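Participant: what follows is a predicted protein model with its sequence.
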Amino acid sequence: MTERPASALPITIRAMTKTYGRVHALDQVDLDIRSGEFLTLLGPSGSGKTTLLMVLAGFTRPDSGSLKFGDTEVIRMPPHRRDLGMVFQNYALFPHMTVAGNIAYPLRLRGIGRAEREARVVRALETVQLGGYGGRRIDQLSGGQRQRVALARAIVFEPRILLMDEPLSALDKKLRDRMQIELRHLHEQLGMTTVYVTHDQREALTMSDRIAVIDHGRLMQLGAPREIYDRPANRFVADFIGESAFLPVRRKGAEILCAGRPLATESPAPEGEKLLAILRPERLQLLDGSVPPEINAFPATVSELVYQGDSFLMAARLEDGTELTLRDVVRRDTFAELPGPGSAVTLGLHARDTVLIPDDGAGAAP
Amino acid sequence: MSPAETALAASPAAAAAAAPNAEGLARDGRAERLALLGLASPALLLVLVILVVPVAWLFYVSFIGADGSFSLENYERMINRKSYARIFYTTFEISFLTTGICILIGYPLAYFLSQLPPRVANLCLITVLLPFWTSLLVRTYAWLVLLQKSGLVNEWGISAGLWEEPLKLVHNTTGTLIGMVHIMLPFLVLPVYSAMRAIDRRYLMAAANLGAGPVRAFWTVFAPLSLPGLFAGSLIVFVLCLGFFVTPAVLGGGKVIMVSMKIASNIELFVNWGAASALGVVLLVTTLVILWVAARFVALERLAGGGH
Amino acid sequence: MRWLNRPASETQVTHGQRLWLYILSGVIMVWLVAPTLIVVPMSFSDSQYLEFPPEIWSTRWYDHYFGSEEWMAATVTSLTAALLTMCLATPLGVLAAYGLHASQLRAGRLIFVALITPMMVPLILVAIGAFYVYVKLQILYTMLGLVMAHTVLALPLVLIVTAAGLKSFDMNQEMAARSLGASRARAFFTVTLPQIRFSVITAALLAFLTSFDEVVVAMFISGGDNATLTRNMFNALRDQIDPTIASISTIMIAITSGLMVLAQLFGKPREGG
């Protein structure tokens, strides 16, 4: 392990508001980012996640709001004094400088002497596993290597906050998967507060300590990956992260009724009479024979069966017309035995996987 | 609104709490914009002093009569005197002819260049760029030498038996036109060429695939797509012709008088600012109206930067 | 001649069918360059009538040019004015282009149009306008006045060329520099300027040429000790055909070609480098 930065800084965002014309890019956002955590801002394009990151970096001036790094109010501080590392989507490496020149740039600006500068550049390159690449020109590097150089440049001056704007989006899938793990390790090693922007839910789930889901300039949910995935707070989050079908249910007294039958749940149901049950394809199972009490059963008719190599998808229709999908792994020989289109099946959902959210009346989210 | 909300909105302290730092941020934003626009101020100041103020003054002078009071006599003279009508006629005639000839020979040349592989095209473009960069005085002089009575063109024409007596090729409209077309051609070819280069060749493949023959594909697909470039190039040529001075003055030999030359002689010979400025105003307004119309179709930078 | 039957385009026209276009274009290209180039050998003719090809070669007209105090003074004036114009118009234009590009405001568009007006106003108006102002300011026939007027004429070119350079520059890089601790000015000088240097060099060369070749404005506001080369050439042309002008023209062509080569060498990013 290399040395850790003196300390990481918590970030406090209060009432952050930014409008473009009549569009709210940020709408009274409050967010506390803990010292040293890896927090991902996740949302569809145009949700305001990048705007929020640019506000943190100082490149977008909000209409109003308060931003604190530690105890210091920085909202009116120009970008170059904020002392934070930033990795851009297209890396924004300087093509007129070598790899070492790029990494030494922030050190030069801080008036660090030549000997130390060189030593730190070498160390930073080693940290991102690019030892010996200092003399290369930027256009001689592959996408993944550029990504690492951009990272090295952003951490070489040991900032206490690191911002990343979709840094992996330009890489191919395999490299992206590997870099996700690597970035995660690097974060554990360096320990700086990291704010990461992405629209890729898998990336967010893989890397983050916590995820802040953003839509229309509002914070939709903040929580650890499992919390976000397993206990989405609303329809937007449930729909945006993972696949899900929504089944309207009603509260009657202490019971939750689905098509007249009681629904078993483990977590408490939210307020309100009209609710939605979330049915994730991989949490549904095919039932045959007896139904244990902790499993909710849904009789349905298979409409389609799709082979996908490692898994299969079964589309089925409930009596009320709701379309459900079930996904399961394909084991050798089992696929042929699955019920085909037209067959009557019973789908089961375990009570601990049965999650209810308020039915806010919003139609299908994008 | 509930009473509590009304009370909240009414109190400035509460408003500040709901929108912290709003004032400061707005101030910073204004300061930054002002600083950035301020970078343009030295250039703007120079243009203002050297160009805008004098032109505004010319505008004013054009409405002052010989007795020093407001009058339209400078403009009346332009309408009443035959000689002025003649000058405007000549100016437009020369400008139209030059633009027309430029289109006739420039469009095929640009098309030819656009069909070449980029490396070869760049080499051939030197033949367009070299004259474009060469001083227009030098080129005008070259034509004067070539076209004069004992010049090379007459010498070769007679020795080749094309004509017997030396032709009068210069100090008249012919000479002026030859020189002006030569000088204006790059201004037309360059924008047309870049417009043609930008046309995706797959459109032509699609046209061929859909059953259009080569000629038909050219006229129904390629030509319409190259029109904005041709439009931009023609307008810039026309507008430059309207204000031309050096070439007609040298090659026209006093027989081709254009507006610019009349303005110059009004100042140099007669020191008549009123007449000169009225002519100038008409010339300027015509130019700006054409450019304004053009700007509705083509981005202004593209017009102005036509050659680069 | 099999080449003639090969397809020349996507629409299957053969080279043979396009021969007329090739011949026409060839003639036009020769017509474009020949008149300028023919002046060069003619200037070395011994004859008063500038024969081509010269019967007797001589440097008589060059001797006349270099021996004339008046022509030399005019040349020095023109070169000085061009150099100063370049040094003034380039920074002013680049600063303005950067400010307008970075501010991304509607007012910026307006200022941009205002700054390229010198390109749209007929030169003769610029000339008599400047003449009038210079009489009032008592800077007629001075180097200062000449350079200021030529700077105004060169500004639009500098602005347009630099703006085009900035358009293809990735402003994220400047943001990256600022996030790494560079102030805006520092980011501009260390990151932006080195990368738009090709546009800036081209702009500077164009500014130089604009001034060096300019005739109409110089005719009105340059004179006396500060008469430009072009002004004197123009006056000489109006009277009679002075063969000395052929030698001066040749020198001007050489200067232009030299600048063109410079622009090719330094005004463009080298491939692979």
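Facilitator: Yes, it's here. Numbering: from 1, shown residues only, chains lettered A, B, ... in the order given.

Participant: what's residue 146 in contact with, if anything?
Facilitator: The chain I'm using is chain A. A:91, A:93, A:138 (C-beta atoms under 8 Å, 6 or more residues apart in numbering or on different chains). All C-beta spots, glycine's among them, are computed from the backbone N, C-alpha and C.

Participant: think we crossed wires, I meant chain B
Facilitator: The contact partners of residue B:146, by C-beta under 8 Å, 6+ apart, come to B:152-153, C:35, C:38.

Participant: so which of those is the most crowded?
Facilitator: residue C:35 (26 neighbours; other C-beta atoms under 10 Å in any protein chain shown).

Participant: which parts of the strand or helix carrying residue C:159 are buried?
Facilitator: Using DSSP states H and E, residue C:159 sits within helix C:143-167. Burial within helix C:143-167, assessed by neighbour count using 16 or more other C-beta atoms under 10 Å in any protein chain shown, is assigned to C:145-166.

Participant: who touches the helix or strand just after that helix?
Facilitator: Using DSSP H and E, the next helix or strand after helix C:143-167 towards the C-terminus is helix C:171-179. For helix C:171-179, contacts defined as C-beta under 8 Å, 6+ apart pick out A:57-59, A:78-80, A:82, A:84-86, A:88-90, A:92-94, A:105, A:153-154, A:163, C:102, C:184, C:186-188, C:190-192, C:195.

Participant: pLDDT (mean, whole number) over helix C:171-179?
Facilitator: Mean per-residue pLDDT for helix C:171-179: 95.

Participant: contact partners for residue C:251?
Facilitator: The contact partners of residue C:251, taken as C-beta under 8 Å, 6+ apart, are residue C:65.

Participant: touching chain B at all, the helix holding residue C:159?
Facilitator: Yes - Helix C:143-167 comes into contact with chain B (C-beta under 8 Å from any C-beta of the partner chain), by way of C:148-149, C:151-152, C:155-157, C:159-161, C:163-164.

Participant: and the contacts of residue B:146, which is closest to chain A?
Facilitator: residue C:35 (42.0 Å; C-beta to the nearest C-beta).

Participant: which residue is nearest the middle of the chain?
Facilitator: With no chain named, the answer covers chain A. Nearest to the geometric centre of chain A sits residue A:204, at 2.6 Å (C-alpha atoms, centre = their mean).

Participant: sorry, I should have been clearer: chain C.
Facilitator: For chain C, the residue sitting closest to the mean C-alpha position, by C-alpha atoms, centre = their mean, is residue C:209 at 3.1 Å.

Participant: against chain A, how distant is that residue?
Facilitator: Using C-beta to the nearest C-beta, to the nearest Å, residue C:209 is found at 27 Å from chain A.

Participant: might one say that that residue is in contact with residue B:133?
Facilitator: Yes - if you go by C-beta atoms under 8 Å, residue C:209 and residue B:133 touch, sitting 6.5 Å apart.

Participant: what residues are up against residue A:340?
Facilitator: A:302, A:305.

Participant: what of residue A:60?
Facilitator: Contacts of residue A:60 by C-beta under 8 Å, 6+ apart are A:18, A:51, A:54.

Participant: what's the answer for residue B:248, then?
Facilitator: Residue B:248 sits next to B:94, B:176, B:180, B:256-258, B:261 when contact means C-beta under 8 Å, 6+ apart.

Participant: again with residue C:3
Facilitator: Residues in contact with residue C:3, defined by C-beta under 8 Å, 6+ apart, are residue C:15.

Participant: now do the SS call for it.
Facilitator: helix (DSSP: H, G, I helix; E, B strand; the rest coil).

Participant: still on that earlier bit, what about the contacts of residue A:60, which are in strands?
Facilitator: Using DSSP state E, the members of the contacts of residue A:60 that fall within strands are residue A:18.
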